[in-house]
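Colleague: Please find the sequence and the predicted model below.
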Amino acid sequence: MSERTGGTPPRTLAEALRTRDDDALAALLRTRPDLLSPVPNDLSQLATRAGTRASVMRALERLDRFTLQTAEALAASTDPAPYEALLALMTGDEGDARVESALPRAVAALREQALIWGADDRLRLVRTAREILAPSPGHPSPTGLGPTVAEATAGMSPGRVQEIIATAGLPSTHDPVSAVTALAALFTDRTRMAALLDTAPPDALTVLDRLVWGPPYGEITSKPAPPVQWLRDHGLLLPTSTRTVVLPREAALHLRGGRAHRNAEPDPPAILPHPSASSAASSAVSRPQVVDSAAAAQAYTALETVEELAKEWNEGGPNVLRAGGLSVRDLKRTATALDVTEPVAAFWVELAYGAGLLAADGEADERYAPTPAYDQWPDLPAAERWARLATAWLGATRTPGLVGGQDSKGRTLAALGPDLDRGAAPEVRRHVLDLLASLPEGTAPDPESVLARLRWERPLRGAAAGRPEDLRARIAAWTLNEAEMLGVTGRGALSSHGRALIATEAVAGGPTGAFPKPASRAATGADLPAAGLHAARVLAPHLPEPLDHVLLQADLTAVAPGPLLRPLAETLSVIADIESRGGATVYRFTPASVRRALDAGQSASDLHAFLAAHSRTPVPQPLSYLIDDMARRHGHLRIGSASAYVRCDDEAVLDEILADRRSQGLRLRRLAPTVLAAQADPTTLLDGLRTMGLAPAAESAEGDVLVTRAHAHRTPPRTPPAPVPDGPPVPAPTLLGAAVRAIRAGDQAATVVRKTLPEPAGSAAPRGGELPRTTSAETLATVQAAALTGSALWIGYVNAEGAASQRVIAPVRVEGGFVTAYDHTADEVRTYPLHRITGVAELADDPA
């Protein structure tokens, strides 16, 4: 755990980093990837960057609760602090075996991330981290501690300090510094402090009890009550202003029994089974099978819902708002069409968008529609289609749960809008599934225990900064619901294919998950990551086989006892309306649905034959009558373009239309006994007569019946939305190795001992870290000599963009105004123009 350089304690963070081996530096860059943007020139620059406020804040926010508590305790201690003092702050006077065993791990984690440095007898918190975590009036510490005696008395008059120590029974001193030291020593002496508190009034102890665990500040009047006055006189309450007092840190620690935190939490909360799991009727052996069956059924429902959404928008979906996204009215309409609530509809819309199946068409009157990728998607096996949806969901940064909320400016967040990306979403989703996988198969978790675990792993540090409710907890709660809707879980437990989805780390991009390929590519299994293909193979045996039949019933309904073959389902959805979904889908035949089939070019005999061929029960007589009656009436009225006209061989029907008040808006007039003219267009006229209970048919200019079929509207080829990462991605091992070598070489170039060259008259010697300056002749002579002897040089170099750098090179060849050399900084052979070398210096010791 110690960091030493040749037996001498490091004086700075940069010196501490120089004592680390390559693996330790790679671990630092892996846990704090923002330090690699761009790669630091040397270890001094790495240390400086690791101490910036933004980088330190990012690192602190990724600490678990106990490691953060360790850093907070160190911020409340002396600087530097020995490990024993930190242990005392974490365990208190009574000790805690769990904390004592976990503390080395927390210290190692802080040291690995360069948040603390130094040997165990001189632990130092990075200055920026101390400023963030240390108690202060403007930023109360989570420990609830106040300032030290020295800090609280910094503005106090020497006379007042002498009065306090005299009242506390301490001898007077000749200067305020020693007086403050004596008072602090009193508060840290357990025996003397206990004796002082034994003389305190009971009400004074009550005041201390209210302040001891924080906040340590309290307001007083101009004439404090006797107990408060006693505490002030004895220095147990020190003034911070005319109306405010504070409990000194040393006194609070005594009252707490030496503990910096009321409750240290060294162990993560356990993931508990759902309270209802113990009453499950299924046995431990069959329950995983029940979970897989329930999840597979829901997975198939998810596929049907996405297909239903695409059909709903097949001819061109809702318009895109000017600011982007779906309007509230269109979301309600979509929810009604899918027979779900609006938040659930937002999830399905965002899922299809994230999978590259829906997008905006980009036209002048922009609207949403299926992409060309959707036309290939239905032809894939059901398990592979589900895997595409699941991998898109797992890696997406878009967060449907935010829909309907407000952004920082008070604007409502719309589905498919531009402000739904949250970089933490993929990591939280994957981690929630990992927690579910830690339970025995078939066991559903208690959602509160999952949220408690996440809060421990990433404690909410935003409350004091005025941030909103913990976004990670909200994403975790949404993940549990979305996983159930998508079929990743069944009955709350992670399914077998859900485990397969997260088991294979075949994802490029680390914790951000797998992302779909561009939608313009052919829809083949090769587009899926290995995890998705594995999940599809595990899911396939659990999916129900599509059926080729339905059960017709006398109440004009048809029941599909399972998923139907695609041609059967598509034709049946034209003839009948879907009444309910679930394990069995119920279709209802209505006059409007039968007319829809007739408008699509089907005849009565076609419908009779279709139903007879695909029904396991006889075709009910009421259904036959409905089809025949609609077929007989269909086309009895003909509508064409005048603006529009209506013709019918039965004059009585036209008389009824003219007499009906509902036809007044169509502005009809009789041209002939069998012909009416309208000032409305044919489409409006068709809809108007249909609302009157009639069954008109449109006809062409030649008098033939027009067969109406849906015109599919597609967007141009679109790629799925790119995820917005939460900070820099975790670097690959190859990048880490190259970065460590570059930093090492750059640090060698910056710290190497160089021979002193005689300076030309009138020139100043370069200060440490500055580029060397030599004449062109000296540069050429030195480089040529180094090429002959094989020695290394330290050079200053300015590239074509004007960026200056320092390098250590071993020249190999000098010719044509160029020097070819092995560059220790870049760890490769490079060629440099001599005119861009500002100067050279020989090394005192050859680094090779």
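Modeller: Alright, I've got the coordinates. Residues are numbered from 1 along each chain as shown.

Colleague: what's the pLDDT at residue 842?
Modeller: Residue 842 carries a pLDDT value of 80.

Colleague: surely it meets residue 778?
Modeller: No: under the contact definition of C-beta atoms under 8 Å, residue 842 does not touch residue 778, with a separation of 11.3 Å. Bear in mind the C-beta positions are built from the backbone N, C-alpha and C, glycine included.

Colleague: how about the helices in the stretch 451-600 of the chain?
Modeller: Ranges of helices within the stretch 451-600 of the chain are 471-486, 496-503, 530-539, 566-575, 591-599, based on DSSP state H, counting those that start in this stretch.

Colleague: Export those to a markdown table and append columns for mean neighbour count.
Modeller: Compiled in a markdown table, the helices of the stretch 451-600 of the chain are given as follows (neighbours: other C-beta atoms under 10 Å):
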| stretch | mean neighbour count |
| --- | --- |
| helix 471-486 | 20 |
| helix 496-503 | 23 |
| helix 530-539 | 22 |
| helix 566-575 | 17 |
| helix 591-599 | 19 |
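
Colleague: closest to residue 674 out of those helices?
Modeller: Checking the helices of the stretch 451-600 of the chain against residue 674 by C-beta to C-beta gives helix 591-599 as the closest, at 22.1 Å.

Colleague: How far does the closest one sit from its chain's centre?
Modeller: Taking the mean C-alpha point of helix 591-599 and that of its whole chain, the gap between them comes to 47 Å (C-alpha atoms, centre = their mean, to the nearest Å).

Colleague: tell me what it is packed against?
Modeller: The contact analysis (3 or more C-beta pairs under 8 Å, 6 or more residues apart in numbering; DSSP states H and E) places helix 591-599 against helix 566-575, helix 604-614, helix 621-633.

Colleague: Of all those helices, which one comes closest to residue 808?
Modeller: Closest among these, using C-beta to C-beta: helix 566-575, at 67.8 Å.

Colleague: got a list of contacts for that closest one?
Modeller: Helix 566-575 is contacted from outside by 311, 378, 546-548, 550, 558, 560, 563-564, 587, 589, 593-594, 596-597, 600, 602, 607, 610-611, 614, using C-beta atoms under 8 Å, 6 or more residues apart in numbering.

Colleague: The helices and strands packed on helix 591-599 into JSON lines, with extra columns for distance to residue 399 and mean pLDDT?
Modeller: Shown next, in JSON lines, are the helices and strands packed on helix 591-599 (distance: least, C-beta to C-beta, whole Å; pLDDT from 0 to 100):
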{"stretch": "helix 566-575", "distance to residue 399": "32", "mean pLDDT": "86"}
{"stretch": "helix 604-614", "distance to residue 399": "42", "mean pLDDT": "91"}
{"stretch": "helix 621-633", "distance to residue 399": "46", "mean pLDDT": "89"}
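
Colleague: Could I get these in CSV, plus columns for distance to residue 132?
Modeller: Conversion of these to CSV gives the following (distance: least, C-beta to C-beta, whole Å):
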stretch, distance to residue 132
helix 566-575, 59
helix 604-614, 69
helix 621-633, 74
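
Colleague: longest single strand anywhere in the chain?
Modeller: With DSSP state E applied, the strand covering the greatest number of residues in the chain is identified as strand 804-815.

Colleague: so what secondary structure elements neighbour that one?
Modeller: Applying 3+ C-beta pairs under 8 Å, 6+ apart, one finds that strand 804-815 makes contact with helix 733-751, helix 776-789, strand 793-798, strand 818-823, strand 828-833.

Colleague: Among the ones you listed, which one carries the weakest average confidence?
Modeller: Among those, helix 733-751 carries the lowest mean pLDDT, at a mean of 80.

Colleague: how far out from the middle of the chain is that helix?
Modeller: Taking mean C-alpha positions (C-alpha atoms, centre = their mean), helix 733-751 and its chain are 31 Å apart.

Colleague: Over to stretch 257-271?
Modeller: Put simply, stretch 257-271 sits 27 Å off its chain's centre (C-alpha atoms, centre = their mean).

Colleague: For it, C-alpha coordinates in CSV please.
Modeller: What follows is stretch 257-271 as a C-alpha-only set of coordinates in CSV (Å, rounded to 0.1, in the frame of the first residue of the first chain):
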residue,chain,number,x,y,z
GLY,A,257,-17.1,8.4,20.4
GLY,A,258,-14.4,9.2,17.8
ARG,A,259,-16.6,8.3,14.8
ALA,A,260,-16.7,10.5,11.7
HIS,A,261,-20.0,8.9,10.5
ARG,A,262,-23.0,7.8,12.5
ASN,A,263,-23.3,4.7,10.4
ALA,A,264,-20.4,3.4,8.4
GLU,A,265,-21.5,1.0,5.6
PRO,A,266,-18.6,-1.2,4.7
ASP,A,267,-20.8,-3.9,3.1
PRO,A,268,-23.2,-3.4,0.1
PRO,A,269,-26.9,-4.1,0.9
ALA,A,270,-28.0,-7.6,-0.1
ILE,A,271,-30.3,-8.2,-3.0
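
Colleague: count of residues packed around residue 650?
Modeller: Here the number of neighbours of residue 650 (other C-beta atoms under 10 Å) works out to 11.

Colleague: From the opening residue of stretch 243-260 to its closing one, how far?
Modeller: According to C-alpha to C-alpha, to the nearest Å, stretch 243-260 extends 27 Å from its N-terminal end residue to its C-terminal end residue.

Colleague: Give the closest residue to the residue in the chain sticking out farthest from the centre in space, chain neighbours not counted.
Modeller: Note on the chain: the largest C-alpha distance from the chain mean falls to residue 673, namely 70.4 Å (C-alpha atoms, centre = their mean). Nearest residue to residue 673 in three dimensions, chain neighbours excluded: residue 651, at 5.1 Å (C-beta to C-beta, 6 or more residues apart in numbering).

Colleague: okay, residue 335: pLDDT?
Modeller: Among the per-residue scores, residue 335 shows a pLDDT of 94.

Colleague: before we move on, the earlier item: redo the helices of the stretch 451-600 of the chain as TSV? Include distance to residue 620.
Modeller: Written out in TSV, the entries for the helices of the stretch 451-600 of the chain read as follows (distance: least, C-beta to C-beta, whole Å):
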stretch	distance to residue 620
helix 471-486	35
helix 496-503	40
helix 530-539	37
helix 566-575	14
helix 591-599	14
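
Colleague: Could you list the residues in contact with the host helix or strand of residue 185?
Modeller: Take DSSP states H and E as the rule and residue 185 turns out to sit in helix 176-188. Where contact means C-beta under 8 Å, 6+ apart, the residues beyond helix 176-188 that reach it are 148-150, 153, 156, 158, 161-162, 164-165, 168, 170-173, 192-193, 196, 235, 248, 250-251, 253-254.

Colleague: Identify each buried residue in it, please.
Modeller: Of all the residues in helix 176-188, those buried under the rule 16 or more other C-beta atoms under 10 Å are 176, 179-180, 182-184, 186-188.
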